[in-house]
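S.K.: Sharing a sequence plus its predicted fold:
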Amino acid sequence: MSDSTLKPPTGTPLKPPAVVALAAHSSNLQLPSTAGLKPNSGSATGNPRNKCALKPGYSLMSWIKLCNSGADLSGTQGRVVPVTRNELALHNKVNDAWMAIRGKVFNVTRYIDFHPGGVDEIMRGAGRDATKLFDEVHAWVNYPQLLGKCYVGPLKENASVSAYSTPTIVDFAKPPSKPTEELVPRFDWIQQRSEITLYLYTRRNVNPGLCLRRINGQQLTASVLLGTKWHVFDFQLSASVVWPPKFAQIGSESGKIELILTKEEAAPWPNYGTHVLRQEDPPSDEFHDYDVVSCSDFNHDSFELCLKSVEQKILMQLPVGYHLDIEASVNGEDIQRSYTPISNTYLSSSSAYEFSLNFLIKRYDGGNLSSHLHKLQPGASLRLSLPRGNFQLSKLAAHRNILLLSAGSGLTPNLSLLQPLLKRNTNRIERLHLLYFNKTESDIWLKEKLADLHVKDERFSCHHILSQAVEQSQRISVELLSPFFKNEANIDKFTYMTICGPTGFNSAAIEILADIGVEANNIHVFQG
């Protein structure tokens with residue numbers, strides 16, 4: 001049996017599909033013979049006799065892409081919600097369609113236009129238990145894979161209602177005005193013969209962080225940072241895995257965390273093992289030891305620093321827009337400064353470790369820590385804090401024209417926003433413009449890479465402002481910023497902006513934007 005066709009052992013709950021698995025299932029589907037079916041047999045999900053022509057953009061592959069986009073197809077904001085039969089019956093319209101199959105309720109509203117059997121056929125099962133109808137026409141279809149991202153919750157019998165109470169109907173078509181429960185990550189897993197994949201699901205645009213610790217070959221701790229809480233998964237795996245992980249990724253839009261671990265011995269596991277979930281407040285004094293991988297000059301007063309956890313015991317990925325503190329002992333005194341890591345794709349150094357934390361740091365005259373860091377050799381030790389910050393990615397979800405203001409080394413927080421925003425699928429970015437302020441041409445960081453990004457994606461652009469330019473010097477001012485915020489409802493208007501630079505620059509920017517009339521809740525200032 002090949003890795004790609006390995007199924008969970010008997011009794012193991014079916015896991016949410018990977019896109020590859022869903023594509024393979026759909027493309028290799030063998031339909032049973034239609035002999036014996038009545039000529040007027042209906043099809044709720046694709047009887048060959050009753051297939052309808054789908055609109056352009058509504059193919060099976062389009063549905064797979066939608067499922068993988070992180071869109072809230074269930075309408076429950078990531079929660080599993082038990083549904084009574086009375087509640088199910090309320091969702092029986094084309095723009096609000098739920099159905100139950102074998103005790104599980106699915107929100108099929110978004111799937112309707114992708115349904116090969118047409119709208120009328122799928123609506124036969126809307127608002128009701130459609131198990132019998134489903135089995136009559138296509139019991140062979142793997143509906144947990146096809147509709148896995150549409151899962152609302154289990155179907156339950158109607159709750160008894162006393163004379164002094166009335167049932168509560170929750171409208172999942174729109175998010176609640178005030179969340180009634182704290183978000184807790186959900187766990188799931190799948191396996192192949194040689195790999196196991198752990199999934200930690202949060203919520204769209206919630207902007208999670210991750211700190212993954214290796215205890216031993218079978219024990220690891222995955223700590224998920226959501227706002228001001230760490231949600232800690234203590235895993236005891238069924239067998240040993242290779243360290244570090246083969247793959248680790250946080251979906252900044254979907255909020256899904258995916259960890260792929262290679263098994264030490266290629267063989268099916270009966271289950272993933274066990275885990276315990278607990279919560280912690282962010283410890284302000286927790287630091288971890290890191291080694292210097294490389295330290296090299298970037299330009300005349302800046303350098304690249306690449307760090308990895310000592311013995312590779314920790315893998316840390318920060319929420320978008322967050323920073324951490326680097327601590328070192330200088331002349332017998334422990335000194336800390338805040339820095340924002342950047343992707344290794346921006347580094348010129350070829351020695352960046354796959355799961356390293358990488359920094360661009362400006363060296364200041366009289367700066368004790370920056371001067372100390374600049375002199376470090378590979379193998380030297382430093383201490384790093386856990387992620388810190390208050391940036392809320394969800395605030396940018398409604399905005400498609402975003403202006404970024406950076407001065408000098410204040411580029412790094414805004415740099416961390418570029419790819420997450422440009423890759424956003426829902427409410428796609430129209431324009432992402434960076435105004436980058438420096439003294440001279442030689443002070444500009446990553447000028448070529450920023451220009452290359454504009455070539456690859458014209459929605460992004462960068463304009464350099466130099467305060468000591470030979471030809472024409474400029475500084476931040478009302479005259480410079482006001483054209484980006486025209487009062488007319490046209491494409492020239494930016495609706496959200498982020499700011500990062502020295503304290504004086506940040507204060508001036510805030511004052512200018514206030515004079516222009518920009519609302520304070522549409523501005524975020526990054527501060528260390």
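M.R.: Structure received.
S.K.: Mind splitting the protein into its structural domains?
M.R.: According to automatic domain parsing, the chain comprises the domains 31-156, 186-280, 287-385, 393-525.
S.K.: Distance of Ala469 relative to Ile499?
M.R.: In this structure, Ala469 and Ile499 are separated by 22 Å, where distance is defined by C-beta to C-beta, to the nearest Å. For every residue, glycine as well, the C-beta is placed using N, CA and C.
S.K.: which stretches of the chain have low pLDDT?
M.R.: Judged by pLDDT under 70, the chain has its weakly predicted residues at 1-53, 138-140, 158-181, 283-284, 349-353, 487-492, 528.
S.K.: Show me which strand runs longest in it.
M.R.: strand 287-299 (DSSP state E).
S.K.: Using CSV, list the CA coordinates for that strand.
M.R.: The C-alpha atoms that make up strand 287-299 are tabulated as CSV, following Å, rounded to 0.1, in the frame of the first residue of the first chain:
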residue,chain,number,x,y,z
PHE,A,287,13.5,33.4,27.6
HIS,A,288,15.1,30.6,25.5
ASP,A,289,18.7,30.0,24.5
TYR,A,290,19.6,30.5,20.9
ASP,A,291,22.9,30.1,19.0
VAL,A,292,24.3,32.4,16.3
VAL,A,293,24.3,30.7,12.9
SER,A,294,25.7,33.6,11.0
CYS,A,295,26.4,37.3,11.5
SER,A,296,27.4,39.4,8.4
ASP,A,297,27.3,43.0,7.2
PHE,A,298,24.3,44.1,5.2
ASN,A,299,25.3,47.7,4.4
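S.K.: any idea how far it is from the chain center?
M.R.: 27 Å (C-alpha atoms, centre = their mean, to the nearest Å).
S.K.: same for that strand, what does it pack against?
M.R.: Secondary structure elements in contact with strand 287-299, counted by 3 or more C-beta pairs under 8 Å, 6 or more residues apart in numbering; DSSP states H and E, are strand 302-309, strand 381-385.
S.K.: so where do the strands sit in the stretch 201-350 of the chain?
M.R.: Applying DSSP state E, counting those that start in this stretch to the stretch 201-350 of the chain gives strands spanning 209-214, 219-226, 229-237, 247-250, 256-262, 273-280, 287-299, 302-309, 314-317, 324-330, 333-339.
S.K.: And the stretch 1-150 of the chain, by the same measure?
M.R.: The residue ranges that make up the strands of the stretch 1-150 of the chain, judged by DSSP E, counting those that start in this stretch, are 83-84, 92-93, 96-101, 104-107.
S.K.: would you list those strands in JSON lines and tack on distance to Cys67 and mean neighbour count?
M.R.: Formatted as JSON lines, the strands of the stretch 1-150 of the chain follow (distance: least, C-beta to C-beta, whole Å; neighbours: other C-beta atoms under 10 Å):
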{"stretch": "strand 83-84", "distance to Cys67": "21", "mean neighbour count": "19"}
{"stretch": "strand 92-93", "distance to Cys67": "22", "mean neighbour count": "14"}
{"stretch": "strand 96-101", "distance to Cys67": "17", "mean neighbour count": "23"}
{"stretch": "strand 104-107", "distance to Cys67": "12", "mean neighbour count": "24"}
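S.K.: Make CSV out of those strands and add distance to Asn299.
M.R.: Written out in CSV, the entries for these read as follows (distance: least, C-beta to C-beta, whole Å):
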stretch, distance to Asn299
strand 83-84, 60
strand 92-93, 61
strand 96-101, 57
strand 104-107, 53
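S.K.: and Gln192, which of those is closest to it?
M.R.: strand 104-107 (25.3 Å; C-beta to C-beta).
S.K.: ok so, going back, indicate which one of the strands of the stretch 201-350 of the chain is closest to Pro413.
M.R.: strand 333-339 (10.0 Å).
S.K.: For stretch 373-387, which residues meet the burial criterion?
M.R.: Within stretch 373-387, the residues that count as buried by 16 or more other C-beta atoms under 10 Å are Leu373, His374, Leu376, Leu382, Arg383, Leu384, Ser385, Leu386, Pro387.
S.K.: cool, stretch 121-132 as well?
M.R.: The neighbour-count check on stretch 121-132 (16+ other C-beta under 10 Å) flags Glu121, Ile122, Met123, Gly125, Ala126, Gly127, Arg128, Asp129, Ala130, Thr131 as buried.
S.K.: Closest one to Lys493 out of the buried residues of stretch 373-387, please.
M.R.: Distances from the buried residues of stretch 373-387 to Lys493 were compared by C-beta to C-beta; the smallest belongs to Pro387, at 33.1 Å.
S.K.: Could you dump the strands of the stretch 201-350 of the chain into a markdown table and include distance to Leu446?
M.R.: What follows is these, written out as a markdown table (distance: least, C-beta to C-beta, whole Å):
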| stretch | distance to Leu446 |
| --- | --- |
| strand 209-214 | 24 |
| strand 219-226 | 27 |
| strand 229-237 | 32 |
| strand 247-250 | 23 |
| strand 256-262 | 28 |
| strand 273-280 | 36 |
| strand 287-299 | 9 |
| strand 302-309 | 10 |
| strand 314-317 | 21 |
| strand 324-330 | 21 |
| strand 333-339 | 16 |
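S.K.: Reformat those strands as a markdown table; add mean neighbour count.
M.R.: A markdown table is the format used below for those (neighbours: other C-beta atoms under 10 Å):
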| stretch | mean neighbour count |
| --- | --- |
| strand 209-214 | 20 |
| strand 219-226 | 21 |
| strand 229-237 | 18 |
| strand 247-250 | 17 |
| strand 256-262 | 20 |
| strand 273-280 | 12 |
| strand 287-299 | 17 |
| strand 302-309 | 22 |
| strand 314-317 | 22 |
| strand 324-330 | 18 |
| strand 333-339 | 14 |
